[in-house]
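Asker: Show me the folded form of this:
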Amino acid sequence: MTALRKLFSLFNVVAAALFACSVLALQAVQRTPPTPTPPNRTSKSARP
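Answerer: Presented below is the predicted three-dimensional model:
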């Protein structure tokens with residue numbers, strides 16, 4: 001029973017939560033943003 005108590009101590013739970021947050025943040029940062037579509041400039045009648 002003491003092994004489980006040491007495993008789920010406050011420090012270990014907080015450290016595991018911070019580690020999970022850092023992994024999610026790293027995945028969000030490394031994701032490539034969607035490329036915007038270029039404007040359609042084929043028609044010259046659109047400009048006055």
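Asker: spatially speaking, which residue is in the middle of the protein?
Answerer: Central residue of the chain (Cα atoms, centre = their mean): Ala28, 2.1 Å from the mean position.
Asker: Need the contact partners of the helix or strand hosting it.
Answerer: Taking DSSP states H and E as the criterion, Ala28 maps to helix 10-30. Under the contact criterion Cβ atoms under 8 Å, 6 or more residues apart in numbering, helix 10-30 has outside partners Lys6. Just so you know, the C-beta spots here come from the backbone N, C-alpha and C atoms, and that holds for glycine as well.
Asker: Quick one: distance of it to the chain centre.
Answerer: Distance, stretch centre to chain centre, for helix 10-30: 11 Å (Cα atoms, centre = their mean, to the nearest Å).
Asker: any idea of the mean pLDDT in that helix?
Answerer: Mean pLDDT, helix 10-30: 96.
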